[in-house]
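Student: Structure here, sequence nowhere to be found:
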């Protein structure tokens with residue numbers, strides 16, 4: 001197990017070194033600060049918006065976890081994560097399309113509509129999963145505490 005960890009750490013360091021080499025050799029120095037700003041903003045957005053939202057949704061769902069099955073919780077949490085990540089990826093394209101671009105073939109699609117359609121489908125999956133979970137929970141009531149005998 002220790003050898004595997006060492007191998008993974010070495011591989012990670014080598015990949016990061018290769019990435020730094022490619023960055024320095026292919027990106028103009030004036031653009032590196034813009035890239036660094038974008039990466040910092042991505043980390044802040046992830047830590048300040050996405051992670052608390054997902055953790056909060058998970059905590060709310062865990063409160064209902066006694067009545068809803070684990071499968072329903074997994075479906076809802078997965079949909080929340082996918083919806084958030086998709087929005088984080090697509091929102092810059094929407095903003096770029098709104099501001100206009102020199103080459104109209106770079107962003108050829110209506111990203112707003114496509115994002116709303118996919119988010120709507122994710123919402124529909126969540127609603128169906130919750131309805132199925134509630135119906136199942138009402139059909140087979142399980143006691144919150146198992147009965148015990150004093151013997």
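Tutor: Cool, the structure landed. Note that the structure is predicted; figures quoted are calculated from it, not measured.
Student: Okay, and residue 88 sits in which element?
Tutor: Secondary structure from DSSP states H and E places residue 88 in helix 70-99.
Student: I'd like the next helix or strand past that helix.
Tutor: Note on helix 70-99: by DSSP H and E, the next helix or strand toward the C-terminus is helix 111-139.
Student: which parts of that next one are buried?
Tutor: By 16 or more other CB atoms under 10 Å, the buried positions in helix 111-139 come out as 111, 115, 119, 122, 126, 129, 130, 133, 137. Glycine gets a C-beta too; all of them are placed from N, C-alpha and C.
Student: For the chain, give me the ranges with low pLDDT.
Tutor: Across the chain, the ranges flagged by pLDDT under 70 are 64-67, 141-151.
Student: From the centroid of it, which residue is nearest?
Tutor: With distances taken as CA atoms, centre = their mean, residue 81 lies nearest the centre of the chain, 3.2 Å away.
Student: where does the residue nearest to that one when sequence neighbours are not counted fall, phi/psi-wise?
Tutor: Among residues not flanking residue 81 along the chain, residue 54 sits closest, at 5.8 Å (CB to CB, 6 or more residues apart in numbering). Backbone geometry at residue 54, expressed as degrees, to the nearest 10, gives phi -70, psi -40.
Student: And for residue 27?
Tutor: Dihedral angles (degrees, to the nearest 10) for residue 27: phi -100, psi 130.
Student: what number of residues lie near it?
Tutor: 12 (other CB atoms under 10 Å).
Student: now it: how far from residue 19?
Tutor: Using CB to CB, to the nearest Å, one gets 11 Å for the distance from residue 27 to residue 19.
Student: Tell me who's in contact with residue 79.
Tutor: By CB atoms under 8 Å, 6 or more residues apart in numbering, the contact set of residue 79 is 122, 123, 125, 126, 129.
Student: Having no further points to raise, I will conclude here.
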